[in-house]
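Colleague: let's see this in three dimensions:
(chains A, B, C and D)
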2 protein chains.
Amino acid sequence: MYTNLIAAIEHFIRLDDTEKDLISSLAVSKTYAKGDYFLRTGQVCRDVGFIEKGLVRYYGTKDNGEEITLHFGKENDFTSNYQSFLDHSASQRSIQCLEATEILVISYDNLQRLYNEVKEGQKFGRLVCEYLYLQAISQIASMYADEPEQRYLNFVNEYPDLQQRIPQYYISSYVGVKPPSLSRIRKRLTL
Amino acid sequence: MYTNLIAAIEHFIRLDDTEKDLISSLAVSKTYAKGDYFLRTGQVCRDVGFIEKGLVRYYGTKDNGEEITLHFGKENDFTSNYQSFLDHSASQRSIQCLEATEILVISYDNLQRLYNEVKEGQKFGRLVCEYLYLQAISQIASMYADEPEQRYLNFVNEYPDLQQRIPQYYISSYVGVKPPSLSRIRKRLTL
DNA sequence: CCTGTTCGTTCACCCAGGTTAATAAGTTAA
DNA sequence: TTAACTTATTAACCTGGGTGAACGAACAGG
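Modeller: Now for the predicted structure:
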């Protein structure tokens, strides 16, 4: 029984015991080493992952080869490329493990079973989408309104422990600046 | 019969004639003068609008009073503050008409009727949310990856006619720069 | 213990956008 | 027509991030 996964879903909808058993049967636990990929650019994203332990980064690559970290996923987060997952298109994003990571993998077909066989399954799908959308909207507002310094503070606030766990240049990419600039920002903040 | 609205919904789901009649009965046409507000900061967004004619801008206001245009809505676009609409929270965004505008207004309760009384109504709700989400994701990627110059070109490409219809400073705000900077960008591009 | 690698910081220089203000063109109102 | 207002452009100066390179600390492997 994957209790953390169940709890995460119950954050959106109610589940009875039968449904909890069903959901546990739909997920498969997989282990990834540091540096392994949950999803690579060009692949079709055929699963949604629930991170039991560890850390991933979700990133895209610019034409010039520069990698842009758009998101981090940590314990009890879901991770996937929703676009590729929905329409079976080739993913333009990669999801890489930054630590030894354990992920509960739910295939597209099994997620459809969850949607259809759990009473509030369809509602779960809608609520997750709404949640992702509102999160995206908030990220857009931050890109428009916040200076890099504020965006760094937002990051520290949103991911308090990640600062210790990942290289600085992933943070600078997420904040939207280059490493030397993040250094300057951090220096300004400590003075 | 609001045929443009029907056509827009049929972009997502199939409708039979009874459902088309129902939907037309759920919408109310309202007329707005240039400068009028469809939604003001602080209000709860209780409607979703379908723009039959005219143009709106969707914007937020920074702490320092600066307005940031996050989106434009034109003919055959839906407009709303989804967050405020969903959870009945006070809107942090405003939606203002930039021209004389006709909007088909659908109330929250009537949208629930559409969801529940149209066969694929729930699916429509989910598909619209997915559409909005993917659109938001693409805007985020552009903020990270594109220089202002490219973002201006994206704007021109996305809204070919709007350049003539709205003041430059709304465009510069949408692009994420100040008016003098957009002037410089435009000058660079014509040379 | 040494060596190579990785990673964060720092320096010097450059450049694009911000800021402020002046100007000019276009628009509206009287 | 004139006056007042709005809007886009331009200029001068400032600032913060980008770039390329050097340095040093931490760490891993031999």
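
Colleague: what about the lowest-mean-pLDDT helix or strand in chain A and DNA strand D, any contact?
Modeller: Between all helices and strands in chain A, the lowest mean by mean pLDDT, DSSP states H and E belongs to helix A:162-165, at a mean of 89. No: figure legend: helix A:162-165 not in contact with DNA strand D (C-beta under 7 Å from any atom of the strand); closest approach 11.2 Å. C-beta: built from backbone N, CA, C; applies to glycine.

Colleague: quick one, grab the pLDDT at the closest residue to residue A:107 other than its chain neighbours.
Modeller: Excluding its sequence neighbours, the residue lying closest to residue A:107 (C-beta to C-beta, 6 or more residues apart in numbering or on different chains) is residue A:47, at 5.4 Å. Listed pLDDT for residue A:47 reads 97.

Colleague: kindly report the same for the one 10 residues further on.
Modeller: Among the per-residue scores, residue A:57 shows a pLDDT of 96.

Colleague: in which helix or strand does it reside?
Modeller: Using DSSP states H and E, residue A:57 sits within strand A:55-61.

Colleague: now do the buried residues in that strand.
Modeller: The neighbour-count check on strand A:55-61 (16 or more other C-beta atoms under 10 Å in any protein chain shown) flags A:55, A:56, A:57, A:58, A:59, A:60 as buried.

Colleague: correct me, but the last one touches residue A:71?
Modeller: No: with contact defined as C-beta atoms under 8 Å, residue A:60 and residue A:71 do not form a contacting pair (10.2 Å).

Colleague: contact partners for residue A:38?
Modeller: Contacts for residue A:38 (C-beta atoms under 8 Å, 6 or more residues apart in numbering or on different chains) come out as A:32, A:49, A:56, A:79, A:95, A:96, A:97, A:101, A:103.

Colleague: for residue A:4, state which of the residues you listed is nearest.
Modeller: residue A:103 (11.6 Å; C-beta to C-beta).

Colleague: what's the distance between the closest one and residue B:82?
Modeller: 30 Å (C-beta to C-beta, to the nearest Å).

Colleague: which of those two has more neighbours?
Modeller: residue A:103 (27 against 20; other C-beta atoms under 10 Å in any protein chain shown).

Colleague: end to end on stretch A:61-77, go ahead and measure it.
Modeller: Stretch A:61-77 has its terminal residues 23 Å apart, counting by C-alpha to C-alpha, to the nearest Å.

Colleague: oops, could you answer that again for stretch A:111-122 instead?
Modeller: Stretch A:111-122: ends 10 Å apart by C-alpha to C-alpha.

Colleague: near DNA strand C, anything from the helix ranked longest in chain A?
Modeller: Across chain A, the helix with the greatest residue count (assigned by DSSP state H) is helix A:121-145. No: using C-beta under 7 Å from any atom of the strand, helix A:121-145 never reaches DNA strand C; the gap is at least 10.4 Å.

Colleague: run the angle between that helix and helix B:121-145 for me.
Modeller: Using axes from the mean of the first three to the mean of the last three C-alpha atoms, to 10 degrees, one finds that helix A:121-145 and helix B:121-145 are set 30 degrees apart in direction.

Colleague: in helix A:121-145, which residues are buried?
Modeller: A:121-130, A:132-134, A:136-137, A:139-145.

Colleague: say whether DNA strand C is contacted by the least confident helix or strand of chain A.
Modeller: No: judged by C-beta under 7 Å from any atom of the strand, helix A:162-165 stays clear of DNA strand C, getting no closer than 9.4 Å.

Colleague: what's that helix in contact with?
Modeller: A:55, A:72, A:74, A:98, A:99, A:155, A:156, A:171.

Colleague: buried members of the residues you listed into ChimeraX, please.
Modeller: Buried residues within these, by 16+ other C-beta under 10 Å, are selected in ChimeraX with:
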select /A:55,72,74,98,155,171
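
Colleague: so which of the contacts of helix A:162-165 comes closest to residue A:110?
Modeller: residue A:74 (23.2 Å).

Colleague: check contacts around the closest one.
Modeller: Contacts of residue A:74 (C-beta under 8 Å, 6+ apart): A:51, A:54, A:55, A:56, A:159, A:162.

Colleague: picking up where we left off before, can you redo the contacts of residue A:38 as TSV with distance to residue B:21 and secondary structure?
Modeller: Formatted as TSV, these follow (distance: C-beta to C-beta, whole Å; DSSP: H, G, I helix; E, B strand; the rest coil):
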residue	distance to residue B:21	secondary structure
A:32	54	strand
A:49	45	strand
A:56	49	strand
A:79	44	strand
A:95	46	strand
A:96	52	strand
A:97	53	strand
A:101	53	strand
A:103	49	strand
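
Colleague: can you add distance to residue B:188 and give those back as a markdown table?
Modeller: Below are the contacts of residue A:38 laid out as a markdown table (distance: C-beta to C-beta, whole Å):
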| residue | distance to residue B:188 |
| --- | --- |
| A:32 | 46 |
| A:49 | 44 |
| A:56 | 39 |
| A:79 | 40 |
| A:95 | 37 |
| A:96 | 37 |
| A:97 | 42 |
| A:101 | 45 |
| A:103 | 46 |
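
Colleague: tell me which of those is nearest to residue A:66?
Modeller: The closest of the contacts of residue A:38, once distances to residue A:66 are taken by C-beta to C-beta, is residue A:96, at 15.4 Å.

Colleague: that closest one reaches residue A:56, doesn't it?
Modeller: Yes: look at residue A:96 against residue A:56 with C-beta under 8 Å: they come within range, at 6.3 Å.

Colleague: can you tell me which helices and strands the strand holding residue A:57 packs against?
Modeller: Other helices and strands packing on strand A:55-61, by 3 or more C-beta pairs under 8 Å, 6 or more residues apart in numbering or on different chains; DSSP states H and E, are strand A:67-74, strand A:93-97, helix B:121-145.
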